[in-house]
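Visitor: Below is the structure, and that's it, no one-letter string:
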């Protein structure tokens, strides 16, 4: 039914019905669901103090505000649910093995190595794979996810294990969370000399949230001060009780550096998998899985490391990975060898995608290229809308005038390019969390994988943006173009450094804050009258020093009677001076202000710029 509402605007009134909308929906999307005119919703938003256009992506809060005003309930559909509905519209089931029990075949466990930075995760993987990963890493920090498969012998039977290597730095929390969700077992690496650290607990919480069994690798047992028993005691507080203490968690004391007990750790993983999990998948269906990491390769285009979770991925298959799609042109295993197919729990590097998908995006094989393109395009549009809604600054009518005045809200525009999608995403989320006050806003105009290109410089020129290259450099004539246009391009290889420098730049954009600093006080002992200069105070300087041209206030009987005065004249006997120090006498002229009496106090001060914390 139609009924007048806010400000006399005609619009439908609900009876508390629930309207389902996706993240980043516009007023037009909402209007379609309730058979309303989008223009009337714009008018309602204006009455509520928000300037929103009909087609602009708006935040979840804005949609809920509007719905509440019109007696509707808005349910924001989660990205996972949205994706499931999208795939159902193409008759695709994601995340389920097809067929009955007879089609299921045992698969290797997928293991994530987690733990505090510097506790030896990379060195452990290094020892397992007998290849040196650490040497190529900036600052010794793993910059993005990789996946590797190894073999071990348990009870005279060869068993394979797939390892996902998740980064340890806290900025990569989102990626690590995804790593845990794509995994069967977590190895928690704890240094025997350091014990449990904040990121150890964070990693443990991710593993618990993903509901995966945990094997604890107590590393660095060869280091001075190592105390493996202390680690077992500390982890008992977090619910991980060692088998030798009557619990069900396997603890293995290792030295990744010396290569000690690595085989025992692999055996513990296999035994934990056999005891706690039923690891089987159908290798005969269309492949499905998850993208672990992706990047742009100069010679091969977009490449993505994918982990097959069910089905078998073959060369020639048409696949969709997040908002990228394409036909599998080639596949490489973790040693760089060409392979024709990848069975469940096998990680492979896939070539042939249209663009670079995100870390953690799911992938699936479809029958037709057209279907793949449609799914990818719908996912891309959804992501774009959600990003626009997140970026929108909420500006109410009250402060619209302030915002429009140049310089009231400063904005630092950034363009982020990196070597891999996970790194770019982690850097972007870290930068967007920087908070140096309401006056300065940070906005990521564009992010992408690959070298800094001329089109990036073009975009930066038009929007006064700073370009950040993370583990990438400028390609072609981009460097000369940046110099010519005066675009600031910064290159980083360690994430901390990028965050620190951008934070410093943000603080530099803040308007200076001033604080008042008292300089000196003068007590009036006598008042001289001058026909030319007005009243002159004969004073004794009680504290500090009084300088000419500084600000002053007049205090009488402990109360301020005049503010914002200026010391216009300062004399010692018959000489004009610039300052008089404590304990000396002199004459002060306060310009046009003549209401001075004996025993008044003149307090002088100056405003100094306050350094930002």
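Guide: Structure received. Quick caveat: nothing in here was measured; it's all calculated off a predicted structure.
Visitor: avg pLDDT for stretch 153-172?
Guide: What stretch 153-172 shows for mean pLDDT is 74.
Visitor: Check stretch 23-38 too.
Guide: 86.
Visitor: cool, stretch 73-90 as well?
Guide: 78.
Visitor: Show the contacting residues for residue 474.
Guide: If you count contacts by CB atoms under 8 Å, 6 or more residues apart in numbering, residue 474 has them with 451, 452, 453, 482, 489. Quick note: C-beta positions are derived from backbone N, CA and C, even for glycine.
Visitor: So what pairs up with it in the strands?
Guide: Bridge pairing for residue 474 (DSSP bridges) gives the partners residue 452.
Visitor: Distance check, it against residue 413.
Guide: Distance from residue 474 to residue 413, counting by CB to CB, to the nearest Å: 18 Å.
Visitor: what does residue 122 give?
Guide: According to CB to CB, residue 122 stands 35 Å off from residue 413.
Visitor: And the two? Which one has more around it.
Guide: residue 122 (24 against 18; other CB atoms under 10 Å).
Visitor: right, and that one touches residue 163 too?
Guide: No: assessed by CB atoms under 8 Å, residue 122 is found out of contact with residue 163, at 11.4 Å.
Visitor: Name the residues contacting each of these two.
Guide: Common neighbours of residue 122 and residue 163 are not found (criterion: CB under 8 Å, 6+ apart).
Visitor: State the mean pLDDT of stretch 107-117.
Guide: On average, stretch 107-117 scores 87.
Visitor: Ends of that stretch, what's the gap?
Guide: Start-to-end span of stretch 107-117 (CA to CA, to the nearest Å) is 31 Å.
Visitor: Run the chain-centre distance for it.
Guide: Taking CA atoms, centre = their mean, to the nearest Å, one finds the center of stretch 107-117 at 23 Å from the center of the full chain.
Visitor: Kindly report the same for stretch 472-487.
Guide: 26 Å.
Visitor: buried sites along it?
Guide: Going by neighbour count (16 or more other CB atoms under 10 Å), the buried part of stretch 472-487 is 472, 474, 478, 481, 482, 487.
Visitor: A strand includes residue 193, no?
Guide: No: using DSSP: H, G, I helix; E, B strand; the rest coil, the assignment for residue 193 is coil, not a strand.
Visitor: which phi and psi does it have?
Guide: phi -90, psi -20 (degrees, to the nearest 10).
Visitor: Also residue 45?
Guide: Backbone torsions for residue 45, taken as degrees, to the nearest 10, come to phi -60, psi -40.
Visitor: Please name the residues that touch it.
Guide: Applying CB under 8 Å, 6+ apart, we find residue 45 in contact with 27, 51, 52, 62, 66.
Visitor: Show me what counts as buried in the helix or strand that residue 82 is a member of.
Guide: Using DSSP states H and E, residue 82 sits in helix 79-89. Going by neighbour count (16+ other CB under 10 Å), the buried part of helix 79-89 is 82, 83, 84, 86, 87.
Visitor: just checking, what's the longest helix in this protein?
Guide: Secondary structure of the chain per DSSP state H: the longest helix is helix 369-391.
Visitor: Which other helices and strands does it contact?
Guide: If contacts are counted by 3 or more CB pairs under 8 Å, 6 or more residues apart in numbering; DSSP states H and E, helix 369-391 sits against strand 18-22, helix 79-89, strand 318-321, strand 324-332.
Visitor: and if we set it to 6 Å?
Guide: Packed against helix 369-391 by the contact rule (3 or more CB pairs under 6 Å, 6 or more residues apart in numbering; DSSP states H and E) you find strand 318-321, strand 324-332.
Visitor: could you dump the ones you listed to a markdown table with distance to residue 569?
Guide: Formatted as a markdown table, the helices and strands packed on helix 369-391 follow (distance: least, CB to CB, whole Å):
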| stretch | distance to residue 569 |
| --- | --- |
| strand 318-321 | 78 |
| strand 324-332 | 76 |
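Visitor: Turn the ones you listed into a markdown table, including distance to residue 245 and mean pLDDT.
Guide: Listed next are these as a markdown table, based on distance: least, CB to CB, whole Å; pLDDT from 0 to 100:
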| stretch | distance to residue 245 | mean pLDDT |
| --- | --- | --- |
| strand 318-321 | 44 | 94 |
| strand 324-332 | 44 | 93 |
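Visitor: and the ones you listed, which is most packed in?
Guide: Among the helices and strands packed on helix 369-391, strand 318-321 has the highest mean neighbour count (mean count of other CB atoms under 10 Å), at a mean of 25.
Visitor: Which elements pack onto it?
Guide: Strand 318-321 sits against strand 362-366, helix 369-391, with contacts defined as 3+ CB pairs under 6 Å, 6+ apart.
Visitor: Quick check: the most centrally placed residue in the chain vs residue 194, distance?
Guide: When CA atoms, centre = their mean is applied to the chain, the residue found nearest the centroid is residue 429 (1.4 Å). To residue 194, residue 429 is 27 Å away according to CB to CB.
Visitor: Kindly report the same for residue 477.
Guide: Here the criterion is CB to CB. By it, residue 477 lies 49 Å from residue 194.
Visitor: For the nearest residue to residue 384 once chain neighbours are set aside, what are phi and psi?
Guide: Nearest non-adjacent residue to residue 384, counting by CB to CB, 6 or more residues apart in numbering: residue 24, 7.7 Å away. Reported as degrees, to the nearest 10, the phi and psi values for residue 24 are phi 80, psi 20.
Visitor: Residue 58 is in contact with residue 24, correct?
Guide: No: with contact defined as CB atoms under 6 Å, residue 24 does not reach residue 58; the gap is 7.6 Å.
Visitor: What pLDDT does the model give the most far-flung residue of the chain relative to its centre?
Guide: The outermost residue of the chain relative to its centre, with distances by CA atoms, centre = their mean, is residue 531 at 69.1 Å. Predicted confidence (pLDDT) for residue 531: 82.
Visitor: Same question for residue 416.
Guide: Value for residue 416, per-residue pLDDT: 93.
Visitor: Flag every buried residue along the longest helix of the chain.
Guide: Applying 16+ other CB under 10 Å to helix 369-391 flags 371-376, 378-379, 382-383, 385-386, 388-389 as buried.
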